[in-house]
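In: Here is a sequence together with a model predicted from it:
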Amino acid sequence: MLDGHSSDRKFIPCYLIGQLGKSDTISEKIGSFLLDDAMETVRQCHDSLGGRFALLDAVSHPKVIAFYEENLFFPIEDSETDSENIRMIRPFFDL
Ligand SMILES: CC(C)(COP(=O)(O)OP(=O)(O)OC[C@H]1O[C@@H](n2cnc3c(N)ncnc32)[C@H](O)[C@@H]1OP(=O)(O)O)[C@@H](O)C(=O)NCCC(=O)NCCS
């Protein structure tokens, strides 16, 4: 019951963070900085429009999933499937 109201709801509006990623030439750990910057824009939209979740499609690799989990996202799909990507969401409890 992700939307908090109904267990049979098929669609829930989310803020999509699309194509977050850094250049292969950058070795410094800047991922959290990039994500924080994106989430600040989401927070500003949330202040005006509301909503409950940010959504992204992460590369389905344990290290990438761990990165997003450290940044408060969690998977809403099974990472054992063959898909190259895994959908993850972050609730807005902390915004
Ligand atoms: C996820 C990301 C933002 C994290 O950035 P960061 O905090 O600076 O950390 P790093 O880039 O060092 O990545 C953390 C670890 O994940 C690994 N990793 C990152 N992307 C990976 C990928 N696509 N496949 C496999 N491993 C990956 C890194 O090699 C690193 O491993 P290490 O800790 O053993 O050195 C950044 O790695 C990134 O942009 N990755 C590419 C994401 C991508 O492929 N996007 C395209 C589809 S949306």
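Out: Good, I have the coordinates. Because the structure is a prediction, the values reported are computed rather than measured.
In: sec struct for Thr25, please.
Out: Here Thr25 is recorded as coil under DSSP: H, G, I helix; E, B strand; the rest coil.
In: Give me the pLDDT for it.
Out: pLDDT for Thr25: 97.
In: Run a quick neighbour tally on it.
Out: Close neighbours of Thr25, defined as other CB atoms under 10 Å, add up to 5. C-beta coordinates here come from the backbone N, C-alpha and C atoms, glycine included.
In: Which stretches in this protein count as strands?
Out: Along the chain, counting by DSSP state E, strands occupy 15-16, 53-59, 74-75, 85-91.
In: near the ligand, which residues of this structure show up?
Out: 19-22, 29-32, 59, 61, 63-64, 67 (CB under 6 Å from any ligand atom).
In: Closest one to Asp47 out of the residues you listed, please.
Out: Of all these, the one with the least separation from Asp47 (CB to CB) is Leu20, at 21.1 Å.
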